[in-house]
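Provided below are the primary sequence and the corresponding predicted coordinates.
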Amino acid sequence: MSDCRRQWNREDELPVYFAGPITTGPNQRKSFGMFSSVEGAFDSKTIDFDNYAVGRKGSRTPRSGSRERVLKTGDPVGKTPREAPEGSRSSPSGEADDARSGVEVRFTSEKESPNEKGEKLLIKGGRVVNDDQSFYADVYVEDGIIKQVGENLAVPGGVKVIEANGRMIIPGGIDVNTCLMKSYLGTQPVDDFLQGTKAALAGGTTMIMDHVTPQPGDSLLEAFEHWQEAADKKACCDYSLHVDIPQWNETVKDELELLVQDKGINSFQLYMAYKDLYQMTDGQLYEAFSFLKQLGAVVLVHAENGDLIAQEQKKILEMGITGPEGHPLSRPEELEAEAVFRAITLGNRVNCPVYITKVMSKSAADTITQARRKGSVVFGEPITASLATDGSHYWSKNWAKAAAYVTSPPLSPDPTTPDHLHTLLACGDLQVVGSAHCAYSTSQKAIGKEDFTLIPEGTNGVEERMGFVWDKAVAMGKMDENQFVAVTSTNAAKIFNLYPRKGRIAAGSDADIVIWDPDNVKTITAKLQQSAAEYNIFEGLECRGGPALVMSQGRIVYEGGKLQAQQGTGRFLPRKPFPDYAYQRVKCRNQVKSKQGVTRGIYDGPVYDVAPTPKYITPAPSAKTSPTSHQPPPIRNLHQSNFSLSGAQIDDNIPRRSGHRIVAPPGGRSNITSLG
Amino acid sequence: MSERRFCQEDDRSSLLSRLGSDSPRPRMKFGGMFCNVEGAFENKTLNFESFSPRLQRRSAGPTQTGGQHGGRTAVLPSGHPRENYGKREGDRLIIKGGKVVNDDQSFYADVYIEDGTIRQIGENLIIPSGVKTLDAYGQLVIPGGVDANTNLQAPQKGLMPCDDFYQGTKAALSGGTTTIIDHVLVEPGTSLLSAFDLWKETAEQKACCDFSFHLDVTRWHEGLYEELETLVKDKGVNSFLFFMAYKDRYQSSDSQLYEAFGILRDLGAIAQVHAENGDIIDEEQKKLLSVGITGPEGHVLCHPEEVETEAIYRAITIAKQANCPLYVTKVMSKSAADVIAKARKKGVVVYGEPITAGLATDGSHYWAKDWTTAAAFVMSPPLNPDPSTPQYLISLLACGDLQVTSSAQASFSTAQKAVGKDDFTLIPEGTSGIEERLSVIWDRAVSTGKMDENEFVAVTSTNAAKVFNMYPRKGRIAVGSDADVVIWNPKETLTVSATTHNLTLEVNILEGLEFRGVPTVVISGGRVVLEDGQLNVTEGSGRFIARKAFPDIVYKRIRARSKMAEARGVPRGNYDGPVHDVISVTKSVPPTPTTRGPTGNKTPTGPRNLHQSGFTLAGAQIDDHIPRRSAQRIVAPPGGRSNITSLS
């Protein structure tokens, strides 16, 4: 794009400012004159980071704490949860002083830790793009943290200077949805935390949020620790974890509390699909929502109607369709939209923020849009696959290709879906872009070669995510660069309470920075990708826009097409509950919406005579059910027991009436008459 | 509208000149339109035999057609009494000078009734002597109302409604409703057929007007198939209600609904739903009771509009997947109605039914200081507190987005309601409305100009008759139709009061409201039951109306779609690449979709897989997620593959 032109040092050429809007790229609103002329203009842009950090549990420590963990692996102290809160109390105060006393002080104080990866970097001559504005400024990075943003920065000597040449400096992407360890039938995805994060970095994503997927019956805590351990060893970029709740029961509650309060997890996924496996009933969902709301967590929902899917799968297999096309046929768009609608309804009733993972179809997205219009606190996350391709490939003659697209909810066969989703992203109706990266090799997918229901679900997309949003939305003029930053990183950081540490170029934020080159054109192919999967569902698509340089934690990990990621450098980022972005409105509504009864005098009229025998209902009018126990223990009807085969039945608690006896012609009928 | 004026060349000017006049509908004019076209009535008098349900009227064929050919000239030569109609022979009536209003057109004509059937329509009819004449000058002659939802016999928590078939149908007749379709509530675990028989027997003894039945299926299992088949094929029931609410009592799960809908589609029946999300309601009830709200306002607080809307959305999704027609009973809120309207715009075969209470009043009364008043309004879904709801629902009725009106009559006396005086969840649910239904709609819709008189007939009787396959026997003034006729006076006013209504109920939720439009004469089965304000009903004179499966208006589209909706697989070569070796240990078999018979439930019983239930009961397994197959075997070249094939 033409806005690569650097104008920031031509201070006196006022006309350039006017010329700018015509010649520069889609986003002319920020130009150089505006900012340098106002004194202290950048002060307000560089957020007083510590304001946010104070009291944020673990917001600072983990940075140092987990660094320790990385450096001295196996150090048990670094991992104890006890240490985190303590550290967070001491260290912010020190840094708060720094922030107030000005930039210069920082160097001395930070130099004390010499063994940090404290590369000092100055990115010069770029245009900083945040979600709210863009401006020309230099960015100075030290110790993995952005120390200064502005012009004519006073920096110490020996600083490595990166020339951005007018390209955009954007906060590194946050991929909110990856499954790098989601086992299926005992097999792991081919992209583990190493491969997956390498691919992420190559695509400009500097943080991933992976789903911990325990199996029903597993301890959530153990699963979480398992994930954390694996990721600490392998991840090349910062990561955080969502925990999926495979089933709802009392023990889960304790674990959830622990996870939220001590482990820094503030998002949990619930399933409305996968019947007999993960699926929860509406009642369980309601309870889970209520509970998670109390904890201040964000509820992620996999929204598909599992009951109907199970039925449709049965039907389609019966029809003899066993190939991957059975997958979209058994999971039509309506079922997704229905579940989204239901999830939102539940969220409204509980007054709890709801986050829909993997919005794959137009109608699901529209449902979210409409709910937002009505004021629901709901967020929607389309994924790379739904934004860049469509579901027509399920009908491919090539089994391996068709199977590669299998994911749930499936890609919509409607080819206009990606466009529609981009439009909604651009206007803010959808907020976050994930990738749902979960790469299985073709041989793993072939587990389901004779039965599509057994094909492991998951597509790639962590690497291509940012590129396709740029290509299909920004380059097409649907979205501006600020919105691009918002949907690829800032919104995610806000929703999951990582902001402003992540998702923003500001003094005090983590130095996860991408220099974005909008002119970079590449053709996606499995041969050149970082992911280990042998098939790329975007194979052959051309994508404009890509990272020219990626910096993670202040280190350059990707430059000019070369990846220098270092295994195990990724840190776990704990997140506090009650993210403002999701919970402010909810808190207010809590106060407003409290329900009140009507104070009445006591009803003293006649009350229908209800016999105290609650057991069963006889035709005599006086022997009605007791109001106190309107679900009396069952009187088994022998006729009925023919149908229910074995064991405890779901509906054992339902009162049964001995219906036939009532029917008996002579006595029965007259009884009934007397009833009326 | 304009298509109804098919021959007005000669008097178009006069037509236009009348447009501004006070009469709400100038288009229908006396005489001109109808008299000068020869044989004009022939299209209006439907060939009744082709529609007739086979159970009731198989014999009258030849004489009937003869009469039709004669049009206005002949009295039926035979006057064959219909055997089945034995109990109501006799009355010969002629209604003179009224404007006959059907759902498609209005015209001035006399109507001659004999043997409980409309025999002739037209002017200057040739009729035998000694016929009783009813004067309808200046009034409308409309088909008697069809109330598609009443609960006159369904007990709630052991309480019988205080208005039974006798009281209820009496009230219905006094309000101009001549056919009711009552809900047979089958308690979980009891036989559908025996409940049906009980209802039918009771109704035959007591009902004063014709009746038919819906069956409420409170617990679905595949074993019901045979009973359903009997009911549909032999008993004349073609509509079945499922509950999405009343958790742990009547509620059906989504898979149950899907299964049931699939079966109903094959049988040609209509699926009805009580649409509310029972799970959410259950939780909210607990929550409200725990915060100390026990009065009737708790009822509306825990049955919020969204919960209704959500369930309707879900029901529509399920019905669409199963390709089954859906009928949503008791549409009580704007957003619920909107969901139906939107689904219809997308082509789903779905019908919505607002009820008298929802069209006449709103839910603000739940907060009444007087417990009795507040409790009287308790019903599910509750009346919406939004006062603009009635007008909105009427607008949707007028434009056809909602189709049928009913009363959802289920009256419980104050003493019965008082069972729940300390706990709103125990208040028996139900409101009255069977009597006021037509007047409410006329007043709110027709006198306000939202709807024309033909639409009025459509939503009060014709649509219900069509959807439930009683048309044209009911819901139309035509030769051969049943003589359920109402002479409607649009000018008179009715003031509703519990002291004057015909129910035994001691409160009326519409107390004190005035409605324009009342029936002056009601004819049910050829007998005048209301005249000069005198109600003259005979207990037990009502007949059971059997309804055939596959109602045309509903099933024509469904049939076509069934043919179109065949999904096809992609023919591919065999995948011969490497297959990942699955090493998981097999524990239990999850319900792999394939093992069981077709959804068409040719497998009569044995819905539970014993193998599977054994394992599920044992609690969650670590690897429950894993589809159980003896994996190693599968990968093994020869035997393995065939195993898989047999599975799928």
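Structure received. Residues are numbered from 1 along each chain as shown, chains lettered A, B, ... in the order given.

so residue B:319 sits in a strand?
No - counting by DSSP: H, G, I helix; E, B strand; the rest coil, one finds residue B:319 to be helix, located in no strand.

surely it meets residue B:328?
No - the criterion here is C-beta atoms under 8 Å, and residue B:319 misses it with residue B:328 at 9.6 Å. Bear in mind the C-beta positions are built from the backbone N, C-alpha and C, glycine included.

for chain B, which spans come out with low pLDDT?
Counting by pLDDT under 70, the ranges of chain B that qualify are B:1-90, B:565, B:567, B:583-648.

now the residue nearest to the spatial centre of it: which helix or strand?
Central residue of chain B (C-alpha atoms, centre = their mean): residue B:148, 4.0 Å from the mean position. Here residue B:148 sits within strand B:145-150, counting by DSSP states H and E.

am I right that residue B:241 is in contact with residue B:184?
No - with contact defined as C-beta under 8 Å, residue B:241 does not count as touching residue B:184 (9.0 Å).

now for the two: what residues contact both?
Common contacts of residue B:241 and residue B:184 (C-beta atoms under 8 Å, 6 or more residues apart in numbering or on different chains): B:214, B:215, B:216.

adding distance to residue B:296, write those residues out as TSV.
Below are those laid out as TSV (distance: C-beta to C-beta, whole Å):
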residue	distance to residue B:296
B:214	27
B:215	30
B:216	24
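
out of these, flag the one nearest to residue A:528.
The closest of these to residue A:528 turns out to be residue B:216 (C-beta to C-beta; 62.6 Å).

the closest one belongs to a strand, doesn't it?
Yes - Residue B:216 forms part of a strand when assessed by three-state DSSP.

bridged to it, which residues?
According to DSSP bridges, the partner residues bridging residue B:216 are residue B:185, residue B:241.

would you mind naming what in the stretch 351-500 of chain A lies close to chain B?
Residues of the stretch 351-500 of chain A that fall close to chain B, judged by C-beta under 8 Å from any C-beta of the partner chain: A:395-400, A:402, A:441-444, A:446-447, A:449-451, A:453-454.

one more time with 6 Å, if that's ok
Contact residues, the stretch 351-500 of chain A versus chain B (C-beta under 6 Å from any C-beta of the partner chain): A:395, A:397, A:399, A:443, A:444, A:446, A:447, A:449, A:450, A:451, A:454.

quick one: residues contacting residue B:210.
Contact analysis of residue B:210 by C-beta atoms under 6 Å, 6 or more residues apart in numbering or on different chains lists B:179, B:542, B:543, B:545.

equivalent analysis for residue B:476, please.
B:102, B:143.

quick one: it from residue B:547, how far?
Look at residue B:476 and residue B:547: by C-beta to C-beta, to the nearest Å, they are 15 Å apart.

what does residue B:170 give?
Residue B:170 is 23 Å from residue B:547, by C-beta to C-beta.

count the neighbours of residue A:153 for me.
17 (other C-beta atoms under 10 Å in any protein chain shown).

actually residue A:248, not the one I typed
Residue A:248 sits with 16 neighbouring residues when counted by other C-beta under 10 Å.

go ahead and confirm it touches residue A:284.
Yes - using C-beta atoms under 6 Å, residue A:248 is in contact with residue A:284, at 4.3 Å.

which neighbours do those two share?
Counting by C-beta under 6 Å, 6+ apart, nothing touches both residue A:248 and residue A:284.

wait, which of the contacts of residue B:210 is closest to chain A?
residue B:542 (15.2 Å; C-beta to the nearest C-beta).

just give me the neighbour total for the nearest residue to the closest one once chain neighbours are set aside.
Leaving aside its chain neighbours, residue B:542 sits nearest to residue B:207 (3.2 Å; criterion: C-beta to C-beta, 6 or more residues apart in numbering or on different chains). Residue B:207 has 27 neighbouring residues, counting by other C-beta under 10 Å.

list the contacts of residue B:207.
Per C-beta under 6 Å, 6+ apart, neighbours of residue B:207: B:165, B:169, B:542.

in helices, which of those residues appear?
Secondary structure from DSSP state H places B:165, B:169 of the contacts of residue B:207 in helices.

phi, psi of the residue nearest to residue B:542?
phi -70, psi 140 (degrees, to the nearest 10).

kindly report the same for the one 4 residues further on.
In this entry, residue B:211 is assigned phi and psi values of phi -140, psi 160 (degrees, to the nearest 10).

correct me, but it touches residue B:540?
No - look at residue B:211 against residue B:540 with C-beta under 6 Å: they stay out of range, at 11.3 Å.

which one of these two has more residues nearby?
Just comparing residue B:211 and residue B:540: by other C-beta under 10 Å the higher neighbour count belongs to residue B:211, 26 against 15.

how about the residues of the stretch 201-350 of chain B that lie near chain A?
Checking the stretch 201-350 of chain B against chain A by C-beta under 6 Å from any C-beta, the hits are B:221, B:223, B:248-249, B:254-255, B:258, B:277, B:279-280, B:283, B:293, B:295, B:297, B:301, B:306, B:310, B:313-314, B:317, B:321.

which ones among those map onto helices?
Using DSSP H, these in helices are B:254-255, B:258, B:279-280, B:283, B:297, B:301, B:306, B:310, B:313-314, B:317, B:321.

now for those: which two are most distant?
B:297 and B:321 (37.2 Å).

which residues touch the residue of the stretch 1-150 of chain B found nearest chain A?
Nearest residue of the stretch 1-150 of chain B to chain A: residue B:150, at 13.4 Å (C-beta to the nearest C-beta). Applying C-beta under 6 Å, 6+ apart, we find residue B:150 in contact with B:180, B:182, B:409.

report the contact partners of the residue nearest to it when sequence neighbours are not counted.
Once flanking residues are discounted, residue B:150 sits nearest to residue B:409: 4.4 Å by C-beta to C-beta, 6+ apart. Each residue near residue B:409 by C-beta under 6 Å, 6+ apart is listed here: B:150, B:432, B:433, B:434.

list the beta-bridge partners for residue B:409.
Taking DSSP bridges as the rule, residue B:409 bridges to residue B:150, residue B:431.
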